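Asker: Provided below are the primary sequence and the corresponding predicted coordinates.
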Amino acid sequence: MADFESKKVLNLVLPNESELKTTFKPDFLGGVTVIEAKGSSVKETEDGKLVDSPVNITAIPYFTWANRGPGEMAVWLATENKFAKPLPPPTVASESVISASAKKSSIIAINDGLLPEHSNDRSVIYYHWWPEKNSTQWIQYDFEKPTEISTSKIYWFDDGPWGGCRIPAGWKLFYKTTSGDWKTVETNEDYPIVKDELNSIQFNKVTTSAVKLEVQLPEDNSAGLYEWVVE
């Protein structure tokens, strides 16, 4: 089940009492039957309160979800607010335009504000570069406007010992200068690479329109991440 009006679906609530209606749309996705219902979208305010607003939910056949651009997919939706994953308050990262060396729909995971319980938590969407290995990959945030930043936090994905992703061999941060060049951030700290926790680094404040994360993949494995926070 997916909502084609929104790229975020895990925060949707479909109450048990909602009426479901089926409609065949010949000019939509090559001609499919969809299921429509009234529901709500749950968001978290900056003071920690949950608020919801009415939305129209449209469920499409599973096979039509693929190859439609970045977006989440859900087979089951919450029936009450307490079971949904509310959208967190907007941040510099969540309001950014994302690009990356590997174009995958799961790229939306890295700025959705959802953190896993551990580095192999399959209940939270993640982004990865598999099957690439032993190479340098990148992700870029383009901000809405020049923004002052001084902190970056990353939660790495690692599905060892049986999967093909491990924590990376290394990573670096770059920011875009006013002349359009990329420059490494200045920091006295080592870049942390640790499983099961946010890896945080502080650097000298910069005002920039974009920031780039470069990741060195391990020699024999790929790598991935759940979340990339920029503050």
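Answerer: It's in.

Asker: Would you agree residue 126 is in contact with residue 116?
Answerer: Yes: using Cβ atoms under 8 Å, residue 126 is in contact with residue 116, at 7.5 Å. Heads up, the C-betas are built off the backbone N, CA and C, glycines and all.

Asker: which neighbours do the two share?
Answerer: residue 226 (Cβ atoms under 8 Å, 6 or more residues apart in numbering).

Asker: Compare these two (neighbour count), which wins?
Answerer: Neighbour count, other Cβ atoms under 10 Å: between residue 126 and residue 116, residue 126 has more, with 23 against 19.

Asker: Report pLDDT for that one.
Answerer: Here, the pLDDT recorded for residue 126 equals 93.

Asker: give the contact list for it.
Answerer: Residue 126 neighbours (Cβ under 8 Å, 6+ apart): 106, 109, 116, 157, 224, 225, 226.

Asker: what ranges of the protein fall below the confidence cut-off?
Answerer: 1-8, 66-72 (pLDDT under 70).

Asker: Name the single longest strand found in it.
Answerer: In terms of residue count, the longest strand belonging to the chain (DSSP state E) is strand 136-157.

Asker: Each with direction, which strands does that one pair with?
Answerer: Strand 136-157 sits in its sheet next to strand 97-100 (antiparallel), strand 198-216 (antiparallel), strand 224-230 (antiparallel), going by DSSP bridges.

Asker: now for those, which one comes closest to residue 121?
Answerer: Between residue 121 and these, the tightest spacing by Cβ to Cβ is seen for strand 224-230, at 7.6 Å.

Asker: Show me the contact partners of the closest one.
Answerer: 91-93, 96, 109-116, 119, 121, 124-130, 139, 141, 149, 151-158, 165, 198, 211, 213.

Asker: Give the ChimeraX command for selecting the buried subset of those residues.
Answerer: In ChimeraX syntax, the buried subset of the contacts of strand 224-230 is picked out as below (16 or more other Cβ atoms under 10 Å):
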select :92,93,96,109,110,111,112,113,114,116,119,121,124,125,126,127,128,129,130,139,141,149,152,153,154,155,156,157,158,165,211,213
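
Asker: give me every residue that touches residue 91.
Answerer: Contacts of residue 91 by Cβ under 8 Å, 6+ apart are 111, 113, 229, 230, 231.

Asker: That one and residue 170, how far apart?
Answerer: For residue 91, the distance to residue 170 equals 26 Å [Cβ to Cβ, to the nearest Å].

Asker: Also residue 202?
Answerer: From residue 202 to residue 170 the distance is 18 Å (Cβ to Cβ).

Asker: before we move on, what about residue 211?
Answerer: For residue 211, the distance to residue 170 - Cβ to Cβ - is 17 Å.

Asker: Check residue 51 too.
Answerer: 41 Å.

Asker: re earlier: among the strands paired with strand 136-157, which is the most enclosed?
Answerer: strand 224-230 (a mean of 23; mean count of other Cβ atoms under 10 Å).

Asker: How far away from the center of its chain is it?
Answerer: Put simply, strand 224-230 sits 8 Å off its chain's centre (Cα atoms, centre = their mean, to the nearest Å).

Asker: Now for the contacts of residue 126: which two are most distant?
Answerer: So for these, where distance means Cβ to Cβ, the most widely separated pair is 106 and 116, at 13.4 Å.

Asker: ok, residue 81 - contacts?
Answerer: Counted by Cβ under 8 Å, 6+ apart, residue 81 has contacts 13, 40, 42, 50, 52.

Asker: and what of residue 30?
Answerer: Residue 30 neighbours (Cβ under 8 Å, 6+ apart): residue 64.
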